[in-house]
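Engineer: below is the sequence, then the predicted model.
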Number of protein chains: 2
Amino acid sequence: MHELTSIAALRERLAAERRAGRTIGLVPTMGYLHEGHISLAHAARRKVGKSGKVVVSIYVNPTQFGPKEDLSRYPRDFKRDRQFCRNAGVDAIFAPSDAEMYPGCGEATDEPAREDARPTFSTYVVEENLARGMEGVSRPTHFRGVTTVVAKLFNAVLPDFAVFGAKDFQQAVVVKRMVADLNFPLQIIIAPTVRESDGLAMSSRNRYLDAEQRAQAVILFHALQAAKQAVARKAIPATKLKKDLQKFFTAAPLGTLDYVEFFDPETLQPVAQVKRGTHMALAVFFGKTRLIDNGRL
Amino acid sequence: MHELTSIAALRERLAAERRAGRTIGLVPTMGYLHEGHISLAHAARRKVGKSGKVVVSIYVNPTQFGPKEDLSRYPRDFKRDRQFCRNAGVDAIFAPSDAEMYPGCGEATDEPAREDARPTFSTYVVEENLARGMEGVSRPTHFRGVTTVVAKLFNAVLPDFAVFGAKDFQQAVVVKRMVADLNFPLQIIIAPTVRESDGLAMSSRNRYLDAEQRAQAVILFHALQAAKQAVARKAIPATKLKKDLQKFFTAAPLGTLDYVEFFDPETLQPVAQVKRGTHMALAVFFGKTRLIDNGRL
């Protein structure tokens, strides 16, 4: 398994694979890998075949965190990630530094900006429709950071396809839109959410939860199940279903519902009537930890 | 010479060239070609060599025009452009339709948007520093349209390099910044401005000028020459040089100065003292026609 930290070295290695006619699949991650990520790597392997190459990028991307979010405490453990990747048969890890990805955007200093300072990173990719609702309301600069870093990773790796997890459903839809709009020459694969045995969606952020919060966190999954049952035989107005779910959430007093939305899975437009096949997404705070989940009802 | 209107057909053709190890150079244009564009195609040819491929894109990009600008009357003459390209030894013209570049963004209709309407184009590339001044002040959405369409063209063509004209100096600097920031795997070449015999920079928009305006339009070039002479031996405060140039412009009463700026050619930051090597750019209206020029003093 190769480990690369510079875009130049990564390109050199992958150019050789490409010349040899090998398919390249990319799995972009922020590290602290879990079974969910590994399922993405397996999906990539199935698609590239034995001779193709699976690249996992590991980069905690600062531009997708809000100023009051958990960038500094986001869990990192490269040794553990490396072992996960080895076990999963990954061919290469791309783990760049902030200086490699956003040159010139170092930590703020007390020194005044010099008159002859060279320009620093200043180009962003923004999706202005699908990124507005849900996560975009709660995290207004989040998707701009995601689309920007994903565009950079696509240009650095030039993969034939990239795999994203369905757990971050809106992210996957926004990235798909970006790929279509900007004509990136690659395919987006969305792989299913992997869950703990009780149903909690796997997430690097689950490690923030204490034992009590962890026990109650399964409420996100239960809410999805409850909504699925509720609309199995008849459509229900979204407003009514939201109220019912708010009541449902009294079973998890440590959780605070951030949002619950019912929407068309392609346009992400909210629907007035929730029925079988409608998509539901929700975000819940447990203390400072914000968990998300979603599913087709 | 090949003529392609779809990205799929273009990709298929260029993939074959790439597999054969041929270098690909792109010259993005809005058509209505003149000697300035042809000099860019020649620069591309010199760089790709005999066996490499020169692609000229011809597309009047709506997203880089402001709502009150000259999109609908922008000159178009594909037959003439084709002949220019043939004569210049261009290998392929890529001339997409609006529907190919911005699917779903047709002309506005009176029909109300349907609830189940599929999402349309919604992703933009924005450069937020170098694009702010000069042209960015006078044309606030211009560079966002430029960076977006250029990103699309880069992803469609996947060239080894792209050639831009120095006449649109700020555009070239903004595009260079985008390429560095988003890690596009290609090089940007800036080719010198080509001028008419009296010094007027070649531009498709020159055709809007009537005889009198055309005669006075050389004032842009003369202003650059005058500024060059003025700072040849000593630095001059930018405020003073601007005032002097405003007086100078009384020689062209049909022209209205939009801006004149003195700046560092890399950061585009205005300088207080103008000296040899400082870059100057200016924009002048002749009626509704807006001309720009620039140069190193």
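Structural biologist: Here it is on my side, so go on.
Engineer: C-alpha only now, for contacts and for neighbours.
Structural biologist: Will do.
Engineer: who's in contact with the residue lying closest to A:R22 once chain neighbours are set aside?
Structural biologist: Leaving aside its chain neighbours, A:R22 sits nearest to A:G52 (5.0 Å; criterion: CA to CA, 6 or more residues apart in numbering or on different chains). Taking CA atoms under 8 Å, 6 or more residues apart in numbering or on different chains, we find A:G52 in contact with A:R22, A:T23, A:I24, A:G25, A:R45.
Engineer: neighbour-wise, which of the residues you listed leads?
Structural biologist: Counting neighbours by other CA atoms under 10 Å in any protein chain shown, the top entry in those is A:G25, with 29 neighbours.
Engineer: helix, strand or coil for that residue?
Structural biologist: A:G25 falls in the strand class when you classify it by DSSP: H, G, I helix; E, B strand; the rest coil.
Engineer: what is the nearest of the contacts of A:G52 to chain B?
Structural biologist: Comparing the contacts of A:G52 against chain B with CA to the nearest CA places A:R22 closest, at 12.9 Å.
Engineer: circling back: just send the contacts of A:G52 back as CSV, with pLDDT too.
Structural biologist: Output for those, formatted as CSV (pLDDT from 0 to 100):
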residue, pLDDT
A:R22, 95
A:T23, 97
A:I24, 98
A:G25, 98
A:R45, 98
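Engineer: can you pick out the most distant pair from those?
Structural biologist: By the measure CA to CA, A:R22 and A:R45 form the most distant pair in these, at 12.2 Å.
Engineer: which residues do the two both contact?
Structural biologist: A:G52, A:K53.
Engineer: if we can go back for a sec, how much space separates the residue nearest to A:R22 from A:G21?
Structural biologist: A:G52 is 9 Å from A:G21, where distance means CA to CA, to the nearest Å.
Engineer: ok, which stretches of chain A are helices?
Structural biologist: Using DSSP state H, the helices assigned to chain A run over residues A:7-19, A:35-48, A:78-87, A:98-101, A:135-138, A:142-157, A:169-182, A:211-216, A:219-230, A:238-248.
Engineer: what angle sits between the second one and helix A:78-87?
Structural biologist: With axes from the mean of the first three to the mean of the last three CA atoms, to 10 degrees as the basis, helix A:35-48 and helix A:78-87 are set at 40 degrees to each other.
Engineer: list the buried residues for helix A:35-48?
Structural biologist: A:G36, A:H37, A:I38, A:S39, A:L40, A:A41, A:H42, A:A43, A:A44, A:R45, A:K47, A:V48 (16 or more other CA atoms under 10 Å in any protein chain shown).
Engineer: which one of these is nearest to chain B?
Structural biologist: A:V48 (19.5 Å).
Engineer: close enough to count as contact, that closest one and A:G25?
Structural biologist: Yes: in this structure A:V48 lies within contact range of A:G25 using CA atoms under 8 Å: 6.6 Å.
Engineer: mutual contacts of these two, please.
Structural biologist: Counting by CA under 8 Å, 6+ apart, the residues touching both A:V48 and A:G25 are A:V54.
Engineer: and the residue nearest to A:R22, what's its pLDDT?
Structural biologist: Confidence at A:G52, expressed as pLDDT, is 97.
Engineer: give the full set of residues in contact with the nearest residue to A:K228 once chain neighbours are set aside.
Structural biologist: Of all residues not flanking A:K228 in the chain, A:L297 sits nearest, at 4.5 Å (CA to CA, 6+ apart). By CA under 8 Å, 6+ apart, the residues touching A:L297 are A:L224, A:A227, A:K228, A:V231, A:A232, A:K275, A:R276, A:G277, A:T278, A:H279, A:M280.
Engineer: out of these, which are buried?
Structural biologist: Neighbour counting with 16+ other CA under 10 Å marks A:L224, A:A227, A:K228, A:V231, A:K275, A:R276, A:T278, A:H279, A:M280 as buried within the contacts of A:L297.
Engineer: close to chain B: what parts of the stretch 51-200 of chain A are there?
Structural biologist: Selection of the stretch 51-200 of chain A residues close to chain B by CA under 8 Å from any CA of the partner chain yields A:102, A:117-119, A:121-129, A:148, A:151-152, A:155-156, A:177-178, A:181-185.
Engineer: repeat that with 7 Å
Structural biologist: Neighbours of chain B within the stretch 51-200 of chain A, by CA under 7 Å from any CA of the partner chain: A:118-119, A:121-129, A:151-152, A:155-156, A:178, A:181-185.
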